[in-house]
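Peer 1: I would like to see how this sequence folds:
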Amino acid sequence: TQHVIKNIPWTTAKNFTVQRGWQQIEELISTWDIHESWLHHSEFLEEEELKDSKRYHYRVCWGLPTRRKPIPRATASVYFVIVISKSKPDTEPVEVFYRLESSRLIRRPEQCQFREKWLQDIIENKIACAERL
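Peer 2: Now for the predicted structure:
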């Protein structure tokens, strides 16, 4: 069976605001197939001015709180970058990339379906590392 990659229609550069970017990241996350027990917090980190673009950085921090452990032992972060090109018309949609904490692989929402297992792996690795210390 073929996986359908879920994406959202991204705002145009002209209509972009930091708040709109945050809302759209939340909208994208809502399309991900992640169990409801996962909770997250998202935040805007910084605006970066480059020669050919402006980049807006966000972080989404995930955890699995339980009744017994309301504060998770470890969390997993996903870092988003929304890019506004200075060379493309401002009627074009913004470009969006994300990467997982502890990974240098950069993904695009329209090319790769997010997997809950990625979050589980990060948390399991952190807990295993902490237990070794």
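Peer 1: Dihedrals phi and psi, the closest residue to Pro109 other than its chain neighbours?
Peer 2: Spatial nearest neighbour of Pro109, excluding adjacent residues (Cβ to Cβ, 6 or more residues apart in numbering): Asn7 at 4.9 Å. Placement of C-beta: from N, CA and C, glycine included. The phi/psi pair for Asn7 (degrees, to the nearest 10) reads phi -140, psi 180.
Peer 1: 860 is where my numbering starts, stick with that
Peer 2: Sure thing, new numbering starts at 860, so read that last one as Asn866.
Peer 1: Pretty sure Asn866 sits against Arg966.
Peer 2: No. Contact between Asn866 and Arg966 fails when scored by Cβ atoms under 8 Å: they sit 11.6 Å apart.
Peer 1: What are the neighbouring residues in contact with Ile941?
Peer 2: Going by Cβ atoms under 8 Å, 6 or more residues apart in numbering, Ile941 touches 875, 880, 883-884, 914-915, 917, 953-955.
Peer 1: same thing but 10 Å
Peer 2: Each residue near Ile941 by Cβ atoms under 10 Å, 6 or more residues apart in numbering is listed here: 869-870, 872, 875, 877, 879-881, 883-884, 903, 906, 913-917, 953-957.
Peer 1: hmm, which of those residues are the buried ones?
Peer 2: 869-870, 872, 875, 880-881, 883-884, 903, 913, 915, 917, 953-955, 957 (16 or more other Cβ atoms under 10 Å).
Peer 1: Of these, which belong to helices?
Peer 2: Using DSSP state H, the members of the buried ones among the contacts of Ile941 that fall in helices are 880-881, 883-884.
Peer 1: and the residues you listed, which two are the farthest apart?
Peer 2: Taking Cβ to Cβ, the two most distant members of those are Trp881 and Gln883; they sit 7.4 Å apart.
Peer 1: what residue ranges in the chain are flagged as low confidence?
Peer 2: Residue ranges of the chain with pLDDT under 70: 860-862.
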